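Asker: my questions are about this predicted structure, shown below with the sequence.
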Number of protein chains: 2
Amino acid sequence: MSRKLTFIPGPIEFSDNVLNAMSTPSQAHTSPEFIKVFQSALIKTRKMFDSSPDSQSQPFILSGSGTLGWDLCGANFISSPNDNILVLSTGFFSDSFANCLKIYSNNVDIIEPENFGDSTNLSTLENKLSEKSYHLITITQTDTSSGVLQNIEEISKIIKKIQPNALIVVDAVCATACETLKFDSWGIDYVLTASQKAVGVPAGLSISIASKRAIDIAINKSKPHAFFTDIKRWLPIMKAYESGNGAYFATPAVQLVHALNVSLDELLSINDGTIDERIHLHKLASDEFKNKLINQLGLKLVPNSLDIAAHGLSVIYYPNNIKGSDLLSKMAENGFTIASGIYKDYKDKYFRIGHMGVSAIGERKDELNQCFEALKLSLSQLGYEN
Amino acid sequence: MSRKLTFIPGPIEFSDNVLNAMSTPSQAHTSPEFIKVFQSALIKTRKMFDSSPDSQSQPFILSGSGTLGWDLCGANFISSPNDNILVLSTGFFSDSFANCLKIYSNNVDIIEPENFGDSTNLSTLENKLSEKSYHLITITQTDTSSGVLQNIEEISKIIKKIQPNALIVVDAVCATACETLKFDSWGIDYVLTASQKAVGVPAGLSISIASKRAIDIAINKSKPHAFFTDIKRWLPIMKAYESGNGAYFATPAVQLVHALNVSLDELLSINDGTIDERIHLHKLASDEFKNKLINQLGLKLVPNSLDIAAHGLSVIYYPNNIKGSDLLSKMAENGFTIASGIYKDYKDKYFRIGHMGVSAIGERKDELNQCFEALKLSLSQLGYEN
């Protein structure tokens, strides 16, 4: 094998068409040629989040990493440092989001998982919501550190029942395009994601969508918190491009937007112009992979039940007597980059394999089978007996 | 001509090798393969700014646009909203930088140019510095809106003579790699730039370097202003990569960093591993182009004398009776995208042609001659007689 395949939970392997789009020769950011591409990418981003223009939501495609989305949330949708914020944590990335929001608010509460690998206990959530009023609640749809999937539809219903005024924010960095999310019909206020996971585009884009209710809060802030993350400045720009006109605030990442446009075509074209079939294929691939991990290799997953295991990656405890760094090195020798753990004291106890996009469900999906065989081989080379 | 060439002052035309690097197949951001590339890009970024590791300065390469650099300055180097800030303005981009810094400080003074097209009057600056003490002073080396070049070396000397404690910040977005800047020996504290101009890489990277003195201010801030722009968080990451180790805060733009690494090789390899020859070639190309604009076409430049005209672009008044939109359309028909004006009431009075990188001084430098011929043709098609 000439190069290692990247099977971490992002950046993922990219399709040839997406990589070719990264080499698009230069275009002015306000040229008619680029405006058309940016318009198309914004319209398709809206479809990816299942949000209609009638809802007056607005997608944002900015230069930056996924992390920038946390600041976009803090800078725009928290009105005062006294706002009560609730973070539903399922791992390292939920906790980091909380750390970011603590810069913007002095009142950030966290519901920790009872045990590592649990999703949020819904009774605990109901109790918390009955005790204290929140301005904004964040949910990490898939925490990339634990592979735990939150039930956004169910959680949103609970929040809307008890605290209909609370803004609902979803970190979907590791979930977009491989887990269902219905922005409008579930009444979500802000979803943030990034390009390099199931969206299928090299790292460098912060992609998000805000509801009218959230945008109104941003617009009514008395003073912006920062310049680049001020969506009041981005709003007319994104509206202009989405309607087929150029506008300037900061130079967009022209080549990455081209790549996004190509990738969104791949994501939405499978079936009927929605993302549903793509998500379904991720579930099938994930179920098959996890089934083999458990039943053929006798491995144990970090999520404490299969119905809360995310479909874009598998998060797996090392078997007894297998040293993490040995397994990762062996996997590299056998052609695959996989990822170590990243959550507190657990970080040396488990590893992570991403299975999103072209090498999991696309034309190169046999690579996921090869990854499984490489894992089987690596474990046996390290003396593991099932 | 199959596609229009992009001769705006950024994004510029990119070399084939840089565009090919944009299509680098996926690599994990902490893989040995990528760490080597990021390390190399950081070391060469340091060389581009003429800064030695001995100075304990630190380059930063982040996902984002040039604009993000303004927030990096405001969020990290302004300690309190009471800090006195001085902005030396030569156009739209200096003023926008001031608008950004007004979010971080309530005391932002601006020295406006006496007339549009002037650089900062040095006596005015000396007087201002004698009257009031400043924490931080910003200079836009080339304001992309006016094409005015500031004399950073001279201005730094004046600041250091009168107010040695003031931090000196240079916006070099349209100057890096086409104007001389000696970070260490001139005693600059922060330089911010972006990828898509003379650095020669598609848009999407905020590139900057901070002095030890500036970093110490950031480190000693009692509370971070934001999360993504907190260089206290980025410092260990950049140090790790520069020394050949991986680290994680937010996912770097892997493909853009590859492209930067390739471009920096092109920038530094011409002569002796410094950027000097590259800058010299930009001066030669600019002088020749401007000479032809003035002497062959009888056009008038916006900068009020040739010694304050930047070398990465030419900013030119429309001749009488030529409508701006007509000239830009004609130029597009004749194969070139050029840029309109962008400064206040002057914006419909002038246009801008970028001449940076491969199509101005590289293997494709004849394209700049073709651009001149297209301008001559377009003007004559619109009835212009010199």
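Answerer: Yes, it's here.
Asker: next, count neighbours for residue A:124.
Answerer: Other residues near residue A:124 come to 14 when the count uses other C-beta atoms under 10 Å in any protein chain shown. C-beta: built from backbone N, CA, C; applies to glycine.
Asker: how about it, nearest residue that isn't a chain neighbour?
Answerer: In this structure, residue A:124 finds its nearest non-sequential neighbour in residue A:111, 5.9 Å apart by C-beta to C-beta, 6 or more residues apart in numbering or on different chains.
Asker: surely the one you found and residue A:120 touch.
Answerer: Yes - Residue A:111 is within contact range of residue A:120, at 5.8 Å (criterion: C-beta atoms under 8 Å).
Asker: find residues that contact each of these two.
Answerer: Common neighbours of residue A:111 and residue A:120, using C-beta atoms under 8 Å, 6 or more residues apart in numbering or on different chains, are A:88, A:89.
Asker: out of those two, which sits in the more crowded spot?
Answerer: residue A:120 (25 against 18).
Asker: phi first, then psi, for that one.
Answerer: phi -70, psi 130 (degrees, to the nearest 10).
Asker: next up, the contacts around the nearest residue to it once chain neighbours are set aside.
Answerer: Spatial nearest neighbour of residue A:120, chain neighbours left out: residue A:88 (4.4 Å); criterion: C-beta to C-beta, 6+ apart. When contacts are counted by C-beta under 8 Å, 6+ apart, residue A:88 is found next to A:94, A:111, A:120, A:125, A:137, A:138, A:139, A:140, A:150, A:155.
Asker: neighbour-wise, which of those residues leads?
Answerer: Neighbour-wise, those (other C-beta under 10 Å) top out at residue A:140, 32 neighbours.
Asker: residue A:150 is in contact with that one, correct?
Answerer: Yes - if you go by C-beta under 8 Å, residue A:140 and residue A:150 touch, sitting 6.6 Å apart.
Asker: any common contacting residues for these two?
Answerer: A:88, A:90.
Asker: what about residue A:123, how many residues nearby?
Answerer: 9.
Asker: can you report phi and psi for it?
Answerer: phi -70, psi -40.
Asker: and it, how far from chain B?
Answerer: Plainly put, residue A:123 is 31 Å away from chain B if you go by C-beta to the nearest C-beta, to the nearest Å.
Asker: helices along the stretch 51-200 of chain A, start to end?
Answerer: Here the stretch 51-200 of chain A has its helices, by DSSP state H, counting those that start in this stretch, at A:66-77, A:92-104, A:122-131, A:152-162.
Asker: most tightly packed of those?
Answerer: helix A:66-77 (a mean of 27; mean count of other C-beta atoms under 10 Å in any protein chain shown).
Asker: quick revisit: any chance of JSON lines for the contacts of residue A:88, columns distance to residue B:10 and pLDDT?
Answerer: Below are those laid out as JSON lines (distance: C-beta to C-beta, whole Å; pLDDT from 0 to 100):
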{"residue": "A:94", "distance to residue B:10": "38", "pLDDT": "98"}
{"residue": "A:111", "distance to residue B:10": "46", "pLDDT": "98"}
{"residue": "A:120", "distance to residue B:10": "46", "pLDDT": "98"}
{"residue": "A:125", "distance to residue B:10": "49", "pLDDT": "98"}
{"residue": "A:137", "distance to residue B:10": "41", "pLDDT": "98"}
{"residue": "A:138", "distance to residue B:10": "36", "pLDDT": "98"}
{"residue": "A:139", "distance to residue B:10": "39", "pLDDT": "98"}
{"residue": "A:140", "distance to residue B:10": "37", "pLDDT": "98"}
{"residue": "A:150", "distance to residue B:10": "42", "pLDDT": "98"}
{"residue": "A:155", "distance to residue B:10": "44", "pLDDT": "98"}
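Asker: from these, pick the one nearest residue A:343.
Answerer: Set against residue A:343, the nearest of the contacts of residue A:88 by C-beta to C-beta is residue A:94 (10.1 Å).
Asker: OK, contacts around the closest one?
Answerer: Residue A:94 sits in contact with A:87, A:88, A:110, A:138, A:140, A:143, A:171, where contact means C-beta under 8 Å, 6+ apart.
Asker: taking these one by one, which sit in strands?
Answerer: When the contacts of residue A:94 are checked against strands (DSSP state E), the matches are A:87, A:88, A:110, A:138, A:140, A:143, A:171.
Asker: bridged to the second one, which residues?
Answerer: The bridge-partner assignment for residue A:88, based on DSSP bridges, gives residue A:111, residue A:139.
Asker: so where do the strands sit in chain A?
Answerer: Using DSSP E, strands in chain A cover A:5-6, A:58-63, A:84-88, A:107-111, A:136-140, A:142-143, A:148-149, A:167-171, A:190-194, A:205-210, A:313-317, A:336-337, A:339-340, A:350-354.
Asker: list the neighbouring strands of the last one plus their orientation.
Answerer: Think strand A:350-354. Partners of strand A:350-354 in its sheet, by DSSP bridges: strand A:313-317 (antiparallel), strand A:339-340 (antiparallel).
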